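Colleague: build me a model:
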Amino acid sequence: MIIKEYSKLSAQVIEEILKLESACKKQDKLTSNIFLDNSLNFNPNINSTFLLYEDTILISVLTMFVPTQNEAEISGFTLFKYRRMGFFKKLFKAACSELTKYGVHEVLFVCEKQSVQGRAVIKKLEGDYDFTEYSLKYNRAIVSNSDHELSRIKLHKPNIQEVEILVTLMQQIFNDSYKDAKCMVKNAFESKFRDQYLAVLDEEFIGVCGVSFESDGAYIFGFGIEPKYQGKGFGKDMLKLVLDDLIKKNVDVIMIDVNSTNERAYNLYKKYGFTVQTAIEYYRKEIK
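Modeller: Residues are numbered from 1 along each chain as shown. Modelled structure (predicted):
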């Protein structure tokens, strides 16, 4: 048995992981993808991918998304014939050791709702249910023509000189700390696969949105309007403009995640053509 740890992935390693992921998703009838983009981790040197091999065969993988020092999101797969042998637990132990080096003391296990075995593993690792997110996919065909009125805002793609504007908005909208917001914005600017947008109303910046481009399409994240402008339809305007921009770029698959408790956002996304594809459960655990 060999465990390998990576902060960056080569094309060959990614291919190995995707092959294992495909086999596990087929076996367990799952749809969500493992997270392999480490460009938004708060520290680029942190090892965020852990692979376990028997001889030369990759049998288990654990990946971490660590955008802040507060917590790490953990997901993974193990080949069916090697389950219940403690292999994923070994990867988790290695991941915890790495996280504690960087002062991260909480993890969120990411588990597709229908994954019975996934929940069983998390139970053994003593993760406590925290919340559920819905993963939604855009379907342009079901958007009503009546929804396409003129927008009252404009989209602006910020440059590196406007980092502080983004940071301030993220603090106001998402209650992020200055340090966490600055780190996420900086990493997004340095990534080749992410775009950022600012919503502009009468020369005032009132909203933010990010888009991550992956092999299977685009993922909208960090979508929000400044609190004093919420409830006035500006979120609807910004969403429409972002979707129009992605459609112009010939992006076929557009996804967005929403917390199950955020009813306002969920209803907005449904109105604009998003339908639920998967429910993702998050389980929290403190590590030492």
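
Colleague: for C111, give its distance to S75.
Modeller: Distance from C111 to S75, counting by Cβ to Cβ, to the nearest Å: 8 Å. All C-beta spots, glycine's among them, are computed from the backbone N, C-alpha and C.

Colleague: these two: which is more packed in?
Modeller: Ranked by neighbour count (other Cβ atoms under 10 Å), C111 and S75 place C111 first, with 27 against 22.

Colleague: Three-state assignment for that one, please.
Modeller: strand (DSSP: H, G, I helix; E, B strand; the rest coil).

Colleague: for K26, same thing?
Modeller: Once three-state DSSP is applied, K26 turns out helix.

Colleague: now do it: how many residues are near it, please.
Modeller: Neighbour count of K26, defined by other Cβ under 10 Å: 10.

Colleague: then S60?
Modeller: Neighbours of S60 using other Cβ under 10 Å come to 26.

Colleague: surely it touches L91?
Modeller: Yes: counting by Cβ atoms under 8 Å, S60 touches L91, with 5.9 Å between them.

Colleague: joint contacts of these two?
Modeller: L51, L52, G76 (Cβ atoms under 8 Å, 6 or more residues apart in numbering).

Colleague: can you give me the end-to-end span of stretch 111-122?
Modeller: End-to-end span of stretch 111-122 (Cα to Cα, to the nearest Å): 9 Å.

Colleague: now it: average pLDDT?
Modeller: With pLDDT averaged residue by residue, stretch 111-122 scores 94.

Colleague: hang on, the earlier thing: which ones among the shared contacts of S60 and L91 are found in helices?
Modeller: Among the shared contacts of S60 and L91, DSSP state H puts none in helices.

Colleague: just put those residues in TSV and tack on distance to E204.
Modeller: Formatted as TSV, these follow (distance: Cβ to Cβ, whole Å):
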residue	distance to E204
L51	48
L52	51
G76	43
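
Colleague: ok, so of the residues you listed, who is nearest F65?
Modeller: G76 (11.9 Å; Cβ to Cβ).

Colleague: what about that closest one, neighbour count?
Modeller: Applying other Cβ under 10 Å, we find 28 residues neighbouring G76.

Colleague: run through the helices of the stretch 1-150 of the chain in chain order.
Modeller: Using DSSP state H, counting those that start in this stretch, the helices assigned to the stretch 1-150 of the chain run over residues 11-28, 87-101, 116-124.

Colleague: among the shared contacts of S60 and L91, which are located in strands?
Modeller: Using DSSP state E, the subset of those located in strands is L51, L52, G76.

Colleague: return the residues in contact with the residue nearest to the second one when sequence neighbours are not counted.
Modeller: Looking back up the chat, that one is L52. Nearest residue to L52 in three dimensions, chain neighbours excluded: S60, at 4.2 Å (Cβ to Cβ, 6 or more residues apart in numbering). S60 makes contact with L20, L51, L52, G76, F77, T78, L79, Y82, F87, F88, L91 under the criterion Cβ under 8 Å, 6+ apart.
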